[in-house]
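Trainee: Structure for the following, please:
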Amino acid sequence: MKRRNVHIVFALACFALATPTVLQALQWQQAVNINRAIAQAADPEGRPGDFAEARFAHALALARSGGYEAALPAYKALAQRETGPLRAAALYNLGNLHLRQALRNGPAGAAGALPLVELAKQGYRDALRADPGDWDARYNLERALVLAPEIDAQAGEEKEPPVGKELTISTAPPMHSDLP
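Mentor: Predicted coordinates:
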C-alpha cells in the first residue's frame with residue numbers, strides 16, 4: 001500500500017513537471033516559425049507571411065529598398081490591424097517614411113513637400129498616442145516641426161487689442177514680498 005502511494009505521487013509529480021515543459025516546447029516552436037517567417041519576409045521581393053512580425057519585417061524591407069509607394073500601404077495596414085508595441089512601431093516608421101520622402105531633395109525641398117511633412121508629424125503624434133514614452137518619435141516630431149512649424153491662428157488674434165472694449169489700468173500698488 002505504501003509503495004503504491006509513492007508511485008502515484010511520483011507519477012503526479014512527473015505529470016506536473018512535464019506540463020510546463022511541453023508548453024515551453026510549443027512556445028519555442030512558435031518562435032522558430034516566427035523567426036523563419038521574418039527571415040523570408042526580409043526580402044522585398046518575398047511574401048510578407050502570416051505573422052504580424054513578418055509583415056512588419058516585409059514593410060521595413062520595402063522601405064529600406066526605397067519603395068515609398070510599396071511600403072506605405074504595408075505600414076498603414078499594420079497600423080490599422082495591430083495593437084501594442086507593433087502598432088506604435090508601425091506608426092513611427094510611417095512617420096519616418098513620409099519624412100524621408102519629404103527630405104529626398106534636401107531640407108530646402110521640404111517646403112515643396114509640405115503635405116508629406118504634415119503626414120510625418122501626424123504619424124509621430126499617433127505613435128506618441130500609442131506609446132507616450134517613445135523618445136525617438138518625440139525627437140522626430142520636433143525635427144518635423146522645425147521643417148514646418150505650426151501657426152496658431154488664435155494666438156495671432158489675442159495679440160491685437162480688443163476692439164470696442166475699454167482698457168482698464170490697475171491702480172493697486174505693486175505687491176512686494178520680502179523673501180529671506
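Trainee: didn't A77 look like it was pressed against A52?
Mentor: No. Contact criterion C-beta atoms under 8 Å: A77 and A52 do not qualify, at 10.2 Å. Quick note: C-beta positions are derived from backbone N, CA and C, even for glycine.
Trainee: Between those two, which is the more surrounded one?
Mentor: A52 (19 against 14; other C-beta atoms under 10 Å).
Trainee: Any figure for the gap between that one and L147?
Mentor: Separation of A52 from L147 (C-beta to C-beta, to the nearest Å): 31 Å.
Trainee: A41 touches D50, doesn't it?
Mentor: No. Applying C-beta under 8 Å, one finds A41 not in contact with D50, separated by 9.9 Å.
Trainee: Compare these two (neighbour count), which wins?
Mentor: A41 (24 against 11).
Trainee: any idea how far that one is from G123?
Mentor: 22 Å.
Trainee: which residues does the most centrally placed residue in the chain contact?
Mentor: Nearest to the geometric centre of the chain sits A88, at 2.5 Å (C-alpha atoms, centre = their mean). Each residue near A88 by C-beta atoms under 8 Å, 6 or more residues apart in numbering is listed here: A127, A130, D131, D134, A137.
Trainee: P44 sits in which helix or strand?
Mentor: If you go by DSSP states H and E, P44 is not part of any helix or strand.
Trainee: what number of residues lie near it?
Mentor: Applying other C-beta under 10 Å, we find 17 residues neighbouring P44.
Trainee: next one: A59
Mentor: A59, neighbours per other C-beta under 10 Å, totals 28.
Trainee: show me what contacts it?
Mentor: Residues counted as contacts of A59 (C-beta under 8 Å, 6+ apart) are P48, A71, A74, Y75, L78, A90, N93.
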